[in-house]
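> Pasting the sequence and the predicted model now:
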Amino acid sequence: MSQSRPVRLLHASDLHFGREDREALDWFARLVATEQPDAVAITGDITMRARHREFAAACDWILSLDVPVTVEVGNHDLPYFNLIERFIDPYRRIRAIERLVEREIDLPGLSIVPLKTTARAQMRLNWSRGRVGKGPLKRALDAIAAQPDNRTILVTAHHPLVEAGTKGKALTAGGNRALAALARAGVTAVLSGHVHDPFDLVQQTPNGPIRMIGAGTLSERIRSTPPSCNALTIDERGLHVTVRTLGDAIPTPAMLIDDIPADADPPEPGDPVAAINAEPRP
């Protein structure tokens, strides 16, 4: 890795417009305005139910950040109620921000490459889980192969590609295969969201280790940590991650979860475990 100067990114995920946390969104926007990162990476679930008004509000907010932004599509960004549209044209609504979605960003010594993990339907009941198809993986690998030598490569996806403690019911179908291929291609880390808690883990693959970095949420749908984002710095020493929360009152180690859960859905209001899961980690 060769960095002529440090590159700074802010990594956010799971905005869930329709259930957004306005205080958290305003805080993140102030953070962008104050720190002026080189880019912002948003790893999916921009909306709650893929409604047109949710996309419109998300688009306005993203454009107001006034820095380069890359946006990956999440499972909540596919039509939720209109199954005909979901099967025929599942990404039509997100075209409101088409020039942001899955856009590669090139920065000094760094490239950000998208990997789509959503699917309009799957051969399993839970369609919210991820899937890495051959086509999306090939497009990502082709984009990586086209990058100049000696660049740091980050891949953005919505779903974590693997998780702990599952056998045969993976959160992301094809995730292990994809992660191994990305490790072979020299990818430094895969940035993702979906689980609403931040993490920074090293996953071993047949082709060597690769880092998996997840951002929390800026919505009301918290799981076990409060709303947050990740601040990434890439320099000659490597990739450094700091979890940022409102007021930075909680240190990064206390915010990071140890394992990626197999069931990534946060509890809804009224769920008896919601209050417990909403408590900050000690």
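That came through, no problem. Numbers count the residues shown, from 1 in each chain.

> Show me what counts as buried in stretch 238-249.
By neighbour count on 16 or more other C-beta atoms under 10 Å, the buried set for stretch 238-249 is Leu239, Val241, Val243, Arg244, Thr245, Leu246. Where you see a C-beta, it was placed from the backbone N, CA and C, and this is true even at glycine.

> same question, stretch 195-207
Val195, His196, Asp197, Pro198, Phe199, Asp200, Leu201, Gln203, Thr205.

> What about those, which are in strands?
Phe199, Asp200, Leu201, Gln203, Thr205 (DSSP state E).

> which among the residues you listed gets closest to Lys134?
Closest to Lys134 out of those is Thr205 (17.9 Å), distances taken as C-beta to C-beta.

> which residue sits closest to the closest one, ignoring its sequence neighbours?
Leaving aside its chain neighbours, Thr205 sits nearest to Ala180 (4.1 Å; criterion: C-beta to C-beta, 6 or more residues apart in numbering).

> does that neighbour sit in a helix, a strand or a coil?
helix (DSSP: H, G, I helix; E, B strand; the rest coil).

> and what of Arg53?
helix.

> residues contacting Pro227?
Asp21, Ala24, Trp27, Gly216, Thr217, Leu218, Ser219, Thr245, Leu246 (C-beta atoms under 8 Å, 6 or more residues apart in numbering).

> State the distance from the residue nearest to it when sequence neighbours are not counted to Arg30.
Sequence neighbours aside, Ala24 is the residue nearest to Pro227 in space, at 3.8 Å (criterion: C-beta to C-beta, 6+ apart). Between Ala24 and Arg30 the computed distance is 11 Å (C-beta to C-beta, to the nearest Å).

> So between those two, which is more surrounded?
Ala24 (23 against 10; other C-beta atoms under 10 Å).

> and the more buried one, what pLDDT?
Note on Ala24: pLDDT of 97.

> Then it would be within a helix, right?
Yes. Under three-state DSSP, Ala24 falls within a helix.

> For it, give me its contacts.
Per C-beta under 8 Å, 6+ apart, neighbours of Ala24: Leu218, Ser219, Pro227, Leu246.

> before we move on, what about Arg129?
Asn75, Gln122, His159, Ala170, Leu171, Thr172, Ala173, Ala264.

> Quick check: the fifth one touching Ala262?
What that stands for is Leu171. Yes. Proximity of Leu171 to Ala262 meets the contact threshold set by C-beta atoms under 8 Å, at 5.8 Å.

> neighbour count winner among those two?
Leu171 (25 against 15).

> how far is stretch 179-187 from where the chain is centred?
Chain-centre distance of stretch 179-187: 18 Å, with C-alpha atoms, centre = their mean, to the nearest Å.

> same check, this time on stretch 182-202
With C-alpha atoms, centre = their mean, you get 9 Å for stretch 182-202.

> Quick check: buried residues in the helix or strand harbouring Leu137?
Assigned by DSSP states H and E, Leu137 belongs to helix 134-145. Using 16+ other C-beta under 10 Å as the test for burial, helix 134-145 gives Pro136, Leu137, Arg139, Ala140, Leu141, Ala143, Ile144.
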